[in-house]
Each structure stands twice: as structure tokens, then as C-alpha cells.
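Engineer: here's a sequence, model it:
(one chain, ligands or ions: 1)
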Amino acid sequence: MAIISVQHLVKKYGDFTAVNDLSFEVEEGEVFGLLGPNGAGKTTTLEIIETLREKTSGTVIVDGKNLDTHPNEIKKVIGVQLQAAGFYPNLNLKELIELFAGLYNVKTDAMTLLKSVNLEDKAKNKFKELSGGQKQRFSIATTIINKPKIIFLDEPTTGLDPQARRNLWDLIRELKASGTTVVITTHYMDEAEELCDRVAIVDTGKIISLNTPDTLIDNLIASGFERKKKVKEANLEDVFIALTGKELREG
Ligand SMILES: Nc1ncnc2c1ncn2[C@@H]1O[C@H](COP(=O)(O)OP(=O)(O)OP(=O)(O)O)[C@@H](O)[C@H]1O
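Structural biologist: This is a model prediction of the structure:
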């Protein structure tokens with residue numbers, strides 16, 4: 001069953017059309033990827049679904065609720081990554097989680113939540129004292145405070161080292177295993193291949209292809225595509241991980 005349905009979505013900024021008649025559905029429980037070059041319209045699309053940006057036209061239904069008539073109902077079932085600016089500088093991680101839980105009006109065990117993102121040792125630290133990977137993990141923790149049905153992750157692993165990236169992949173897989181639907185944008189194709197059940201490839205505000213990563217690759221090969229260079233059984237990232245291990249470095 002589709003938990004998100006986007007039909008004929010259009011977003012114009014003045015004369016410029018950033019999202020151009022976009023339609024897609026996200027199935028309940030899947031990890032759905034929006035892939036595309038810079039400026040393709042991914043963040044704009046996500047933020048419209050998240051009720052954070054006005055659309056120009058089109059229909060968006062989330063968990064059976066229409067964005068035009070029930071935006072507040074939609075807010076209750078989604079988890080959105082907060083920007084660093086939302087993290088009060090004088091509070092530590094545990095206090096921040098308790099604050100957000102209070103704002104959502106839900107009860108949460110802050111330490112259990114911090115443990116689920118490997119940050120229990122940093123409970124007394126401030127957000128600004130965290131490394132890049134830790135900041136990303138904390139920001140994902142804030143998206144799950146209200147136990148949402150759907151979480152939206154906009155480029156969650158940008159700027160992370162391979163260890164921290166893999167650690168975040170595990171976290172996203174755990175969220176999926178617990179039944180959460182995940183919508184993710186990324187510029188890393190290996191990440192999309194690894195995590196996403198289906199991906200939509202977006203270019204200049206339009207979806208140019210939508211399918212499972214496997215099917216997209218098979219279709220390309222069936223069209224006669226051949227790599228210029230034979231691919232080796234491992235890549236440089238495998239070398240890096242084999243040499244430096246899987247342990248997180250930012251302890
Ligand atoms: N507030 C705004 N006013 C005017 N134009 C905007 C605004 N926000 C985004 N745009 C434009 O809309 C287009 C789509 O932007 P968007 O941020 O959605 O792209 P994106 O696919 O998320 O890109 P990236 O991969 O670089 O994050 C871009 O050309 C951008 O310059």
C-alpha cells in the first residue's frame with residue numbers, strides 16, 4: 001500500500017520551475033531514494049511533503065491525509081531531520097531529546113534513544129562538541145523521537161568517513177526493520193544501491209526513471225551498455241575499510 005502519493009507536483013520559484021509535474025508513490029515499509037544532480041529539485045520535493053514548503057500545484061497524500069486539508073495530521077506521522085540551528089546551544093544531547101519529546105508531547109527514554117544511535121557516551125555533551133558523523137546520528141535520533149511512520153533524510157551521509165557512513169547505513173536498516181518507511185536523498189550511488197528498495201532518478205524537476213536499483217542496472221546492461229574498464233572484485237573503499245577496520249573513529 002502506498003503511504004505517500006505525490007501526483008503532478010509542481011513548484012515554481014517566480015518564473016523558474018524547480019519541480020515539474022512530478023508523480024510517484026512510496027510503499028509502506030520501503031526505503032525510497034530520490035537521486036539526482038545538484039538542483040534537480042529533491043530537497044524542494046521533500047520539504048513540500050514534509051509540510052515545510054508551499055507547493056504551486058499537484059496533490060500530496062501522506063498516510064491517507066491530504067496535504068492541502070490536513071497538514072497537521074501529516075506532521076504527526078513524519079520525522080524530519082532538524083537543522084543544527086534548532087539545537088539550543090546550552091543544552092546537552094539528553095536535555096535536547098527531552099526538550100523535543102516535550103514539544104512532541106510524547107514520553108521518551110533519552111538514554112535508550114541515544115544508545116540506539118551510539119551516542120550514549122555523549123549524553124552530557126553539547127551538539128557543537130560532536131564530530132560530523134555524531135551530529136548526523138544525533139539529528140537522525142531527533143527524527144525518531146515521536147515514533148514516526150515515515151522519516152525523511154536529506155543527504156544524511158554527506159561528508160562522513162566510510163566507517164561513519166556504514167554505521168549510518170546500519171541505523172537506517174534498523175529503522176526499516178522496525179517497520180519505518182524511509183525517504184532518503186543521496187549523491188552516493190553505492191549508498192542508494194545498498195539501502196534503497198526503489199529509487200527515482202530526478203533531473204531538472206522531472207522523474208526520468210523509477211525502479212529497483214537491480215532492475216535499473218539490468219535495463220542498462222540489456223540496452224547494450226558496457227563499462228570501458230573491467231570492474232575489479234573490490235574497490236578503493238573496500239581497501240580503506242580492510243586496512244582501517246569498521247570501528248568508528250570519533251569515539
Ligand atoms: N527558495 C528558493 N528560491 C528560488 N529558487 C530556489 C529556492 N530553493 C531552491 N531553488 C532552486 O530550485 C532548484 C532545485 O533546488 P533543490 O534544493 O530542490 O535541489 P536539490 O535536488 O535538492 O539539489 P542538491 O542536490 O544540490 O541539494 C535549484 O535550481 C535551486 O536553485
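
Engineer: what distance do you get for residue 216 to residue 230?
Structural biologist: As judged by CB to CB, to the nearest Å, residue 216 and residue 230 stand 21 Å apart. C-beta: built from backbone N, CA, C; applies to glycine.

Engineer: more neighbours: which of these two?
Structural biologist: Higher neighbour count among residue 216 and residue 230: residue 216, with 17 against 6, using other CB atoms under 10 Å.

Engineer: just the pLDDT for that one.
Structural biologist: Among the per-residue scores, residue 216 holds a pLDDT of 90.

Engineer: does it count as helix, strand or coil?
Structural biologist: Using DSSP: H, G, I helix; E, B strand; the rest coil, the secondary structure recorded for residue 216 is helix.

Engineer: surely residue 213 meets residue 199?
Structural biologist: Yes - assessed by CB atoms under 8 Å, residue 213 is found in contact with residue 199 at 5.9 Å.

Engineer: was I right about residue 136 contacting residue 155?
Structural biologist: No - the pair residue 136 and residue 155 does not pass the contact test of CB under 8 Å, sitting 9.5 Å apart.

Engineer: mind listing the shared neighbours of those two?
Structural biologist: When contacts are counted by CB atoms under 8 Å, 6 or more residues apart in numbering, residue 136 and residue 155 have no shared neighbour.

Engineer: show me which of those two is the more surrounded one.
Structural biologist: Between residue 136 and residue 155, counted using other CB under 10 Å, residue 136 has the larger neighbour count: 25 against 16.

Engineer: quick one: that one and the ligand, what's the gap?
Structural biologist: Per CB to the nearest ligand atom, to the nearest Å, residue 136 is found 16 Å from the ligand.

Engineer: now the residue nearest to that residue when sequence neighbours are not counted, what's its secondary structure?
Structural biologist: Nearest in space to residue 136, with sequence neighbours left out and distances taken as CB to CB, 6 or more residues apart in numbering, is residue 156 at 5.6 Å. Assigned with three-state DSSP, residue 156 falls in the coil class.

Engineer: pLDDT of stretch 195-211, averaged?
Structural biologist: Summarised as a single mean, pLDDT over stretch 195-211 is 94.

Engineer: nope, stretch 45-54 is what I was after
Structural biologist: Mean pLDDT, taken over the full extent of stretch 45-54, equals 95.

Engineer: which phi and psi does residue 130 have?
Structural biologist: Here is the backbone geometry of residue 130 (degrees, to the nearest 10): phi -90, psi 160.

Engineer: cool, residue 76 as well?
Structural biologist: Note on residue 76: its backbone torsions stand at phi -70, psi -20 [degrees, to the nearest 10].

Engineer: in CSV, could you pull the C-alpha coordinates for stretch 170-184?
Structural biologist: As requested, the backbone C-alpha atoms of stretch 170-184 are provided in CSV (Å, rounded to 0.1, in the frame of the first residue of the first chain):
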residue,chain,number,x,y,z
ASP,A,170,23.1,0.1,9.7
LEU,A,171,20.9,2.6,11.6
ILE,A,172,18.7,3.1,8.5
ARG,A,173,18.4,-0.7,8.0
GLU,A,174,17.3,-1.0,11.7
LEU,A,175,14.7,1.7,11.2
LYS,A,176,13.4,-0.2,8.1
ALA,A,177,13.4,-3.5,10.0
SER,A,178,11.3,-1.8,12.7
GLY,A,179,8.7,-1.0,10.0
THR,A,180,9.5,2.7,9.4
THR,A,181,9.3,4.0,5.9
VAL,A,182,12.4,5.9,4.9
VAL,A,183,12.7,8.5,2.2
ILE,A,184,16.3,9.5,1.5
